[in-house]
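Trainee: The sequence isn't on hand, but the structure is:
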């Protein structure tokens with residue numbers, strides 16, 4: 001069964017954050033709250049963890065994984081960002097947006113979309129997520145925890161523990177920012193395309 005751990009939403013207990021990060025470094029897979037639903041995550045180089053996430057989500061090679069980043073400097077090392085993209089992302093983050101961009105050589109090939117060499121990146125506005133990513137010292141490889149056949153992410157840690165306790169190693173209990181999934185903005189081909197309308201405001205694109 002997964003370790004079920006409750007973190008304070010504003011001041012996550014560092015001793016428990018350290019334990020979560022230690023388990024991530026050992027190759028474990030976690031479920032954690034974000035500013036837009038729950039996500040399942042592992043470290044970037046964790047091939048077995050990536051495959052476990054694929055099995056839980058039942059997604060194939062065309063699925064875009066998302067790198068949860070601590071700050072813009074970290075994000076900028078992972079994806080190719082020109083000046084216009086830089087300004088757009090800076091204006092919308094931190095917040096419930098996922099941006100699809102071409103990955104750099106810093107991103108493991110297995111993490112990229114097999115056809116387009118793209119990956120999602122996020123700067124979540126969520127203290128629990130940020131505490132874990134900051135302590136880890138590198139982005140988390142993640143996927144929104146939307147179960148097969150569903151359209152919205154799971155939002156309650158105890159429900160995830162009941163449903164997926166045997167498939168995950170850690171379930172972090174904490175409130176999500178919003179119930180819906182992120183808004184996905186595809187910037188990979190030079191244009192701005194809303195690939196999924198979610199929690200983030202898109203009126204600036206009208």
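Mentor: Now that the structure is in, tell me what you want to look at. A quick note: this is a predicted structure, and the numbers were derived from the prediction, not measured. Numbers count the residues shown, from 1 in each chain.
Trainee: As a check, name the ranges of all helices in the protein.
Mentor: In order along the chain, the chain carries the following helices (DSSP state H): 14-25, 47-57, 72-76, 83-92, 127-136, 157-164.
Trainee: need the contact list for the residue most central in space within the chain.
Mentor: The structure's the chain has its C-alpha centroid closest to residue 142; by C-alpha atoms, centre = their mean the separation is 3.9 Å. Listed by C-beta atoms under 8 Å, 6 or more residues apart in numbering, the contact set of residue 142 reads 39, 40, 41, 53, 65, 66, 67, 68, 122. (C-beta placed from N, C-alpha, C; glycine too.)
Trainee: same thing but at 10 Å, please
Mentor: The neighbours of residue 142, taking C-beta atoms under 10 Å, 6 or more residues apart in numbering as the test, are 30-32, 34, 38-42, 53, 65-68, 98, 120, 122, 124, 129, 133.
Trainee: returning to what we had before: same list (the helices of the chain) but as TSV, adding mean neighbour count.
Mentor: Conversion of the helices of the chain to TSV gives the following (neighbours: other C-beta atoms under 10 Å):
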stretch	mean neighbour count
helix 14-25	16
helix 47-57	16
helix 72-76	16
helix 83-92	14
helix 127-136	22
helix 157-164	17
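Trainee: count of neighbours near residue 196?
Mentor: One way to gauge burial is a neighbour count; for residue 196, by other C-beta atoms under 10 Å, it gives 15.
Trainee: Could you give the bridge partners of it?
Mentor: residue 184 (DSSP bridges).
Trainee: and it, how far is that from residue 159?
Mentor: Counting by C-beta to C-beta, to the nearest Å, the gap between residue 196 and residue 159 amounts to 23 Å.
Trainee: now do residue 59
Mentor: 21 Å.
Trainee: Also residue 82?
Mentor: The span separating residue 82 from residue 159 equals 41 Å under the rule C-beta to C-beta.
Trainee: surely residue 147 meets residue 163?
Mentor: Yes. Between residue 147 and residue 163 there is a contact at 7.7 Å, judged by C-beta atoms under 10 Å.
Trainee: intersection of neighbour lists for those two?
Mentor: Shared contacts of residue 147 and residue 163, defined by C-beta under 10 Å, 6+ apart, are found at 56, 154.
Trainee: got the contact list for the closest residue in space to residue 45 that isn't next to it in sequence?
Mentor: With sequence-adjacent residues excluded and distances taken as C-beta to C-beta, 6 or more residues apart in numbering, residue 45 is closest to residue 108, at 5.6 Å. Residues in contact with residue 108, defined by C-beta under 10 Å, 6+ apart, are 43, 44, 45, 46, 47, 50, 119, 141.
Trainee: and the fifth one, what is it in contact with?
Mentor: When contacts are counted by C-beta under 10 Å, 6+ apart, residue 47 is found next to 27, 108, 110, 111.
Trainee: try it again with 8 Å
Mentor: So residue 47 contacts residue 110 (C-beta under 8 Å, 6+ apart).
Trainee: separation between residue 181 and residue 133?
Mentor: Plainly put, residue 181 is 19 Å away from residue 133 if you go by C-beta to C-beta.
Trainee: Hmm, I typed the wrong one, I wanted residue 57.
Mentor: Residue 57 is 20 Å from residue 133, by C-beta to C-beta.
Trainee: Fine by me, we can end here.
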